[in-house]
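J.: kindly return the folded structure for what I paste below:
(one chain, ligands or ions: 1)
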Amino acid sequence: MKYSERIKHTTNPTAQNLFRLMDEKKTNLSLAVDVTTKSELILLADLVGPEICILKTHIDIVEDYDNDLIIKLQHLSEKHNFLIFEDRKFADIGNTVKHQYQDGVYHIADWAHITNAHTVPGSGIIAGLREVGMPKGRGLLLLAEMSSKGNLATGDYTQESLKMAEEHKDFVIGFITMRKLLDDPGFINMTPGVNLQTGTDNLGQQFKTPDLVIRENESDIIIVGRGIYEADDPITEAQKYRTAGWQAYQRRLL
Ligand code: S5P
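T.: Residues are numbered from 1 along each chain as shown. Got it, this is the predicted structure:
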């Protein structure tokens, strides 16, 4: 099913926007912009912005974070038409994550269209985040699987995470996963640990190719970090990933 045909299978406005923009812009690439200064983050978002559907941030690794960074990111999100996904990986009880999402230094709910959560605390984590995120039209991803060697998000843990998503379909828009896990076309599957070369890093990350992730494993979005931002020419490299991801999607549709 084409991304745009899946709009009607979700009621969440962020999921609908994402499906629409992927088809319009013809990209299923997300950049994981894991850099530690504001200037690098803004430069990369501006350079690579035309190639991506989502900019994925780890806002708490930016050493000179300030409100101006958020204003600039919002401006770039509009200029290049991408969504912002703060990869916060919430993991506490509902009442605590509510504050972590809404308050503190980062006020994540005010600017991140998408964020994500581990399911280890049980469904109260979703209920807590939902209280803050739903009125703002935000979307949540659950970490149903992970890319790193030896991770515990497998088997029953994964299955229980899927059930939690189905019970909160208005707010949970999909999964961080290595493959499509549910037949419901309203859920969006995003896969990290993607590189044009398969292999591992020295800290447990395991890389798969865009074609394997999108065509064989039927995921929807490739999340690429070091493969792009560590390249000598991040724009050219992002274009390679964009083409590889989109061609794999086109082949899957055949
Ligand atoms: O299981 C996971 C989940 C996530 S969100 N494995 C991951 O690697 N990630 C994130 O994807 C990770 O935090 C990082 O931001 C990105 C992968 O970056 P790369 O440099 O390894 O491509």
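J.: identify the residue spatially nearest to the residue of the stretch 101-250 of the chain found nearest the ligand, adjacent ones excluded.
T.: Closest residue of the stretch 101-250 of the chain to the ligand, CB to the nearest ligand atom: Gly225 (2.6 Å). Every C-beta, even on glycine, is put in place using the N, C-alpha and C of the backbone. Leaving aside its sequence neighbours, Gly225 sits nearest to Ala32 (CB to CB, 6 or more residues apart in numbering; 3.4 Å).
J.: likewise Thr10?
T.: Gly186 (3.8 Å).
J.: that's a strand at that neighbour, yeah?
T.: No - Gly186 sits outside any strand when classified using DSSP: H, G, I helix; E, B strand; the rest coil, being coil.
J.: now Gly174, what's its secondary structure?
T.: Applying three-state DSSP: Gly174 is strand.
J.: typed the wrong thing, it's Asp87
T.: Looking at Asp87 with three-state DSSP, the answer is strand.
J.: what's the local residue count around it?
T.: Asp87 has 21 neighbouring residues, counting by other CB atoms under 10 Å.
J.: which residues does it contact?
T.: Each residue near Asp87 by CB atoms under 8 Å, 6 or more residues apart in numbering is listed here: 32, 56-58, 115-116.
J.: quick one: mean pLDDT over stretch 199-217.
T.: The average pLDDT within stretch 199-217 is 98.
J.: and stretch 242-249, how far from the chain's centre?
T.: 17 Å (CA atoms, centre = their mean, to the nearest Å).
J.: and for it, what's in contact with it?
T.: Residues contacting stretch 242-249 (CB under 8 Å, 6+ apart): 3, 26-29, 51-52, 196, 209-211, 213-215, 220-222.
J.: mind listing the helices in this structure by residue range?
T.: Ranges of helices within the chain are 13-25, 38-48, 67-80, 94-102, 108-111, 124-133, 155-167, 210-211, 226-229, 234-253, based on DSSP state H.
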